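Peer 1: Quick one, what's the 3D model for this:
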Amino acid sequence: MRVFIGCILALAVAAAGELKLGKPLTLKEPVAIETLLAKPADYIGKTVQVKGKITEVCQMMGCWMNLTSESGKMIRIKVNDGEIEFPKDSAGKVAVAEGTFSKSELTKDQAIAQARHEAEEMKKKFDPATITTGKTVYQIKGSGVVLLN
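Peer 2: Sure thing, here's the model as predicted:
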């Protein structure tokens with residue numbers, strides 16, 4: 001009986017631990033999301049690691065998630081469809097993510113198309129009139145993620 005209870009406890013600890021997705025993390029320390037977004041030119045094309053609270057996950061393919069710092073700064077972790085699938089119920093958990101930091105300049109039409117696509121993924125309504133200009137998008141092309149708690 002004690003062995004059985006010990007096995008159950010071991011499984012519970014493992015279930016409450018980390019979930020590793022993709023490649024193993026290679027960097028020792030995360031850079032603050034605030035630092036990354038304050039000086040993005042210093043990081044474009046480089047491998048970075050960030051840590052934050054998951055606020056949103058793609059509900060169709062699990063191909064992106066938004067991480068937010070304690071001060072509310074947000075960065076998106078995006079992967080190719082099928083490469084890594086972020087658990088769709090992981091909002092509220094903390095994650096450490098690593099990948100290549102990138103910058104994209106979107107025209108107004110591209111920004112509308114992106115917002116429409118995201119609204120479809122999240123099953124939300126979208127009004128194209130809310131997008132009036134193009135935008136600059138910074139994100140991390142994720143290679144590895146560790147979900148905590």
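
Peer 1: ok, what's across the strand from His78?
Peer 2: In this structure residue 78 is Lys, not His. Here Lys78 shows beta-bridge partners Trp64, Lys141, assigned using DSSP bridges.

Peer 1: residues near it, how many?
Peer 2: Look at Lys78: counted by other Cβ atoms under 10 Å, it has 18 neighbours. For the C-beta atoms, the positions are set from N, CA and C on the backbone; glycine is no exception.

Peer 1: hang on, it packs against Cys63?
Peer 2: Yes: shown here, Lys78 and Cys63 form a contact pair, counting by Cβ atoms under 8 Å, at 6.7 Å.

Peer 1: So, low pLDDT: which residues of this protein?
Peer 2: Within the chain, the stretches with pLDDT under 70 are 1-16.

Peer 1: Specify the local secondary structure of Gln114.
Peer 2: helix (DSSP: H, G, I helix; E, B strand; the rest coil).

Peer 1: how about the helices of the protein, start to end?
Peer 2: Secondary structure of the chain, counting by DSSP state H: helices at 2-16, 33-38, 108-121.

Peer 1: So what touches stretch 82-94?
Peer 2: Contact with stretch 82-94 is made by 19, 21-22, 51-59, 61-65, 77, 79, 142, 145, 147-149, as judged by Cβ atoms under 8 Å, 6 or more residues apart in numbering.

Peer 1: Which parts of it count as buried, going by neighbours?
Peer 2: Residues of stretch 82-94 classed as buried by neighbour count (16 or more other Cβ atoms under 10 Å): Ile84, Phe86, Ser90.

Peer 1: ok now it, how far from the chain's centre?
Peer 2: Here the centre of stretch 82-94 is set off from its chain's centre by 8 Å, with Cα atoms, centre = their mean, to the nearest Å.

Peer 1: got the end-to-end distance for that stretch?
Peer 2: 22 Å (Cα to Cα, to the nearest Å).

Peer 1: which residues sit in contact with Ile131?
Peer 2: Applying Cβ under 8 Å, 6+ apart to Ile131 gives the contacts Lys108, Ala111, Ile112, Ala115.
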